[in-house]
Structures are given as structure tokens and as C-alpha cells.
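1. Everything below, folded, please.
(chains A, B, C and D)
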2 protein chains.
Amino acid sequence: MKFTVASFNVNSIRSRKELLLEWLLTNCPDVICLQETKVRDIDFPEDFFKEKGFHAIYKGQKSYNGVAILSPHPITPLNSDLGDVAEPGEARLLAASVKGIPIINTYIPQGQAVNSPKFSYKLSWIKSMRDYFNTNYLSTLPLLWMGDFNVAPEPKDVHDPKRLYGKVGFHPEEHLALQYVKEWGFQDVFRMHEPEAGHFTFWDYRIPKGVERNLGWRIDHIWATESLAKRSTRAWIDMEPRRREKPSDHTLILAEFELSGESI
Amino acid sequence: MKFTVASFNVNSIRSRKELLLEWLLTNCPDVICLQETKVRDIDFPEDFFKEKGFHAIYKGQKSYNGVAILSPHPITPLNSDLGDVAEPGEARLLAASVKGIPIINTYIPQGQAVNSPKFSYKLSWIKSMRDYFNTNYLSTLPLLWMGDFNVAPEPKDVHDPKRLYGKVGFHPEEHLALQYVKEWGFQDVFRMHEPEAGHFTFWDYRIPKGVERNLGWRIDHIWATESLAKRSTRAWIDMEPRRREKPSDHTLILAEFELSGESI
DNA sequence: GATGCCCTAG
DNA sequence: CTAGGGCATC
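-> Sure, this is the predicted structure:
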């Protein structure tokens, strides 16, 4: 059985729901994780997707953040509580199981500015993910961690590593924090299939013609535990959502897994 | 020499500048008076119009009000100070001379609600225009007073005079105040050429399909002193700016004058 | 009710 | 640059 997952920072589900639905109907992933839905649960356009056969779970708040998981298959909610580190009310983590595979969808804090309280918060938030995994899952079993990590892990994940080194999103402390969680048992599925530099998922709105000039960052990720990662057959970035009138500042990443054959 | 003037409440010059420029290039008026530019002078898109050959003078403030005059001809600023009645900082009056003709562009206060302080302010504001004209001009000479007056002078200037009588914009005290200024020496140029009811320049956003159902008000005006009014050849309302995606709640009025022949 | 500005956030 | 939300105006 082929299993395709996707992640997309929509930057408002209400602004991008038509684009997203079209993309879903064309590309037929088994799961899509969304970040920055920017909507209260009461206003999430659940019916809009339900009418076309998609299940949805979501955790939102007013104006900011917000995460959701959509699938044509049934979705089973899992524990989505990060613990004491996370500020109450912040909708940044949503976990669910689809076809028996646990999927953790996160919108990691952006961090604002190095030396700001929000940057420290980002580091703590990331590190506490390890506790969350330890408490709720086994690294020996299939597991997906995906979403907007707001961190470009390696030099080849930013367009100008020399200039950007030490900036928010490409800072050694962020790398350390993320590495610490990765060592719980994750592999970067995109990087398994694409060793080259210059593949990005995010472009700052404030940089003119950033996409055309490829001045981006790879900060959206699909990570998997070993047992699942070794069954990945493909991982790629889809630029289609960027070829629209008002694109999000992120684009979409995907990974494909072959789950047939001997059991894991 | 033909001389064509126009008035348009743009409801934000920044939102409507493309629409306006296209209209100007198509219709080639000698002067256009704008109201509700809603922009500080520092942010007025002067270059946008200058590039296409238009001179501009403007008086704006943050968020509200704001008046401007555009012309392909040179514009000479005139005294634009209404006096003590006007609240300081409010950008509602802009006077300038184009081809030797003084043009006074006003955005008269809307008045909010009858019996509100803003309604009293509106009445005082209107009446003080007579002092302004007395101080700065001669009623025997050519002069144009135009803009958004926020008053429909006659029953035929509203779609339902019976029901609307006494409401803001069609109130006897407003009629009295406006009449008092008119008697300084003005003629309603549009009415000289169009005696029929049902010609409007404003439709309330709150009335569904107001334009299609013609549920409007004629509150934008072009008035001229006798010597100029008698040279008017035409006056009309142009609905073209309403046939757009996001039209202003007002549309555009025009008047044409023939200034050749014996001197005034 | 529709629109536009300001503000915050990314 | 582009969201949402709050606010004021009409």
C-alpha cells in the first residue's frame, strides 16, 4: 500500500481553502498536515472539506497559529498536549493516527529575534518535543513528525548560509535543540531523497521576487522514525500552490511510503 | 475653449488610484476634485499620477477625510482655510486655481445622526462656507464650488423623499444651511441641465443592491457662480467607476463649460 | 453590511 | 508583502 503525506503552512485556511481543496482533489494524499490555519475551531471550514470527502481534525485559536490534519481516511485523535513549556491556548501541536500511523503535526514558534524571550521560548518548545515523544510514543515504531519547524537544519537549507548564519531560523542553538529531538529517533525524509542544495519551502514576503530568485528557506519538514523512513520511496516539494494569485509564503512538501510487504 | 470639471469621492485614493487613472486617461477632464482620499500627504501617490502627466495638490490626514485636486494643467493653490469653525487637522477643504478659474473642493462633514454634536458641526461647517467665500472671492466672478456636500438639496435628489425627510443628508436644517451659502451666489450646474428625479451619485453600502435598484442620493455637487454657470453646456453623472470589482460608494459627476467668446 | 485604515505577527 | 482583528465611518 502506498501512503502519501503532505505538509503545508496555509497562512489562513479561510483564505486558502479553495486552493487547498483543488490541490487535494488533484494530488490525493492520504494525509495533509496544515499550519497557521489562523482560525478558531468554531469557524474552521470543516463542511467545505467534508462535502468533498475529507475528514478533518483541528486545533485553532484567534488570529494566530492553528494546526489541522485532513485525510480521506478516518482520523483518530492522539494526545496533543506538549506539556508545561507550551503557553496555554497556543495551537501549535496536533497529533492523530491515520491508517494506524501516528502523525504529529507541529507549528514551531518562529522565534522573532535572537535574544528575545520568544527565541528562548522557541528553543524550549523544540526541546520539550523530546519529552513529548518519550512520553507518548516508541521510537522503534512507525511515526511521522511533520510541519512547519521554523528551522532550516543545514547550510544547504538556506539560500545564503554565510549571511544567514546566526539569524532566526538558521541559528546554532536552534540546530542544537532540533538535533536533540532528532536523536530521539528521527530521519529527515526529504533529505534522504534529495541531497542537493537550493530546495526551499518558504520565502519571506518582504523579499521582492523571492521565489523567482529562489531566496528561500527549507523550514517545513517531514521526519520519520527509522522503521517508517526506510520505507519512504519519494519526497519532494510541490510548487503548484505558489503559482496562484495570492500564494501562502510557504509551499507544500510531500513524502511517499510503501507500506506493503513484510510487517514492520 | 471647452473646460470640463469632475468630482469624485474616491473612498481611499490608494485603493482607487488605478481606476481613477484609467478614468482620467479615457475622459480627459481639465480638473477633478477628489474627496475621502484617506491618506497622509506623505503617502499620497503623487508620482503615480505625475508619471501620466497630471499635476496634483492634496490635503490629507490619517485614515479619514482628505481632499485633492488633479489636473493636466498647472494648479495654483488658493487659501484653503475655512476658519475657526473647522476642527484643526481635518482635511475637508482644498482650493486652487486652474486656468484662472478658482475651484473650491469640499468634503462636507457627514453629520452622523440628527441631534448629535457632529450634526451641529455639519450645519456650522456649511454656514461658515459663506464667510469663507465672502472673505476670499467675489460672487460676480467665475468660481466653482464642488465636492461631496453630504446633502441632497431637493426631494428629487433622494430615492424616497417622504421616508427620508428629516434624516441626515436630507434634513430641513441642512437645506437651510446650504441655501444660505447658495445665496451668496451659486447655481447648481447639474440641475440646470437635468430637471428629472432619480439621478444619484451615492448609494449606501448597507442597502443591498442599492445601485441596481437605484436607491441613491444626489449629494455630490458642482456649483458655479452666475458668470460661469451661464457658460455651462452640459452636466452629467458617470456610472463607469461603479462598474468595477470594488467600487467606491459614490460615483462621479461632471460639468462642461464653454469659455470661448466674449470675456466674462 | 461593506469598506478602509491601523496594528500586530510572520 | 499578507494575513486577521479591531475600529470607525457611512
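2. what comes up buried for the biggest helix by length in chain A?
-> In terms of residue count, the longest helix belonging to chain A (DSSP state H) is helix A:117-136. Buried residues in helix A:117-136, counted by 16 or more other C-beta atoms under 10 Å in any protein chain shown: A:119, A:121, A:122, A:123, A:125, A:126, A:128, A:129, A:130, A:132, A:133. From N, CA and C alone the C-beta is placed, and that goes for glycine too.
3. which neighbours does the helix or strand that that helix is followed by have in its sheet, and in what orientation?
-> Where DSSP states H and E defines the elements, the next helix or strand beyond helix A:117-136 is strand A:144-148. Its sheet considered, strand A:144-148 pairs with strand A:101-107 (parallel), strand A:220-225 (antiparallel) by DSSP bridges.
4. While we're on residue A:264, how confident is the model there?
-> At residue A:264, the pLDDT value in this model is 66.
5. Next up, the contacts around residue A:46.
-> Applying C-beta atoms under 8 Å, 6 or more residues apart in numbering or on different chains to residue A:46 gives the contacts A:56, A:58.
6. how near is it to DNA strand C?
-> 22 Å (C-beta to the nearest atom of the strand, to the nearest Å).
7. Now that residue, what are its backbone angles?
-> The phi/psi pair for residue A:46 (degrees, to the nearest 10) reads phi -60, psi -40.
8. Ok, residue A:84 next?
-> Torsion angles, degrees, to the nearest 10, at residue A:84: phi -70, psi -30.
9. Next, the contact list for the residue lying closest to it once chain neighbours are set aside, please.
-> Nearest residue to residue A:84, sequence neighbours excluded (C-beta to C-beta, 6 or more residues apart in numbering or on different chains): residue A:128, at 8.0 Å. The contact partners of residue A:128, taken as C-beta under 8 Å, 6+ apart, are A:82, A:83, A:84, A:85, A:86.
10. Could you export the residues you listed as a markdown table, including pLDDT?
-> A markdown table is the format used below for the contacts of residue A:128 (pLDDT from 0 to 100):
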| residue | pLDDT |
| --- | --- |
| A:82 | 96 |
| A:83 | 94 |
| A:84 | 93 |
| A:85 | 95 |
| A:86 | 94 |
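11. Restricting to these, which residues neighbour DNA strand C?
-> Among those, none lies close to DNA strand C by the criterion of C-beta under 7 Å from any atom of the strand.
12. And those, which two are furthest apart?
-> Across those, no pair lies farther apart than A:82 and A:84, at 8.4 Å, counting by C-beta to C-beta.
13. Neighbour count for these two, which is higher?
-> Remark: of residue A:82 and residue A:84, residue A:82 carries more neighbours, 18 against 10, as counted by other C-beta atoms under 10 Å in any protein chain shown.
14. Does the more buried one belong to a helix, a strand or coil?
-> On the three-state scheme (DSSP: H, G, I helix; E, B strand; the rest coil), residue A:82 is labelled coil.
15. returning to what we had before: separation between the residue nearest to residue A:84 and residue A:178?
-> Distance from residue A:128 to residue A:178, counting by C-beta to C-beta, to the nearest Å: 12 Å.
16. So which residues on the stretch 51-200 of chain A come close to DNA strand D?
-> A:62, A:63.
17. Residue of the stretch 51-200 of chain A closest to DNA strand D, please.
-> Relative to DNA strand D, the nearest point of the stretch 51-200 of chain A is residue A:63 (3.7 Å; C-beta to the nearest atom of the strand).
18. ok, that residue to residue A:141 distance?
-> 36 Å.
19. Give me the secondary structure label for the residue sitting furthest away from the middle of chain A.
-> No residue in chain A sits farther from the centre than residue A:262, which is 28.6 Å out by C-alpha atoms, centre = their mean. The three-state label given to residue A:262 by three-state DSSP is coil.
20. Am I right that residue A:20 is in a helix?
-> Yes. Assessed by three-state DSSP, residue A:20 belongs to a helix.
21. what's the burial count for it?
-> Counted with other C-beta under 10 Å, residues neighbouring residue A:20 total 23.
22. if I pick it, what's in contact with it?
-> Residue A:20 touches A:8, A:10, A:13, A:32, A:34, A:241, counting by C-beta under 8 Å, 6+ apart.
23. before we move on, what about residue A:111?
-> Contacts of residue A:111 by C-beta under 8 Å, 6+ apart are A:118, A:119, A:121, A:122, A:150, A:168, A:169, A:174.
24. What about DNA strand C: which of these touch it?
-> Counting by C-beta under 7 Å from any atom of the strand, the members of the contacts of residue A:111 near DNA strand C are A:118, A:150.
25. Show me which pair in the contacts of residue A:111 is furthest apart.
-> Spatially, the most separated pair among those is A:121 and A:169, at 14.6 Å (C-beta to C-beta).
26. So which of the contacts of residue A:111 is the closest to residue A:71?
-> The closest of the contacts of residue A:111, once distances to residue A:71 are taken by C-beta to C-beta, is residue A:150, at 24.2 Å.
27. Correct me if wrong: that closest one contacts residue A:218.
-> No. At 11.3 Å, residue A:150 does not count as touching residue A:218 under the criterion of C-beta atoms under 8 Å.
28. How is the residue of the stretch 51-200 of chain A found nearest DNA strand C assigned, secondary-structure-wise?
-> Scanning the stretch 51-200 of chain A for proximity to DNA strand C using C-beta to the nearest atom of the strand identifies residue A:110 as nearest, at 3.8 Å. Residue A:110 falls in the coil class when you classify it by three-state DSSP.
29. Run a quick neighbour tally on it.
-> Neighbours around residue A:110, by other C-beta under 10 Å: 17.
30. Let me see the confidence value for residue A:209.
-> The model's pLDDT for residue A:209 equals 89.
31. Run a quick neighbour tally on the spatially closest residue to residue A:61 that is not a sequence neighbour.
-> Once flanking residues are discounted, residue A:61 sits nearest to residue A:91: 4.6 Å by C-beta to C-beta, 6+ apart. Using other C-beta under 10 Å, the number of residues around residue A:91 comes to 25.
32. surely residue A:91 meets residue A:59?
-> Yes. At 4.5 Å, residue A:91 and residue A:59 qualify as touching, with contact defined as C-beta under 8 Å.
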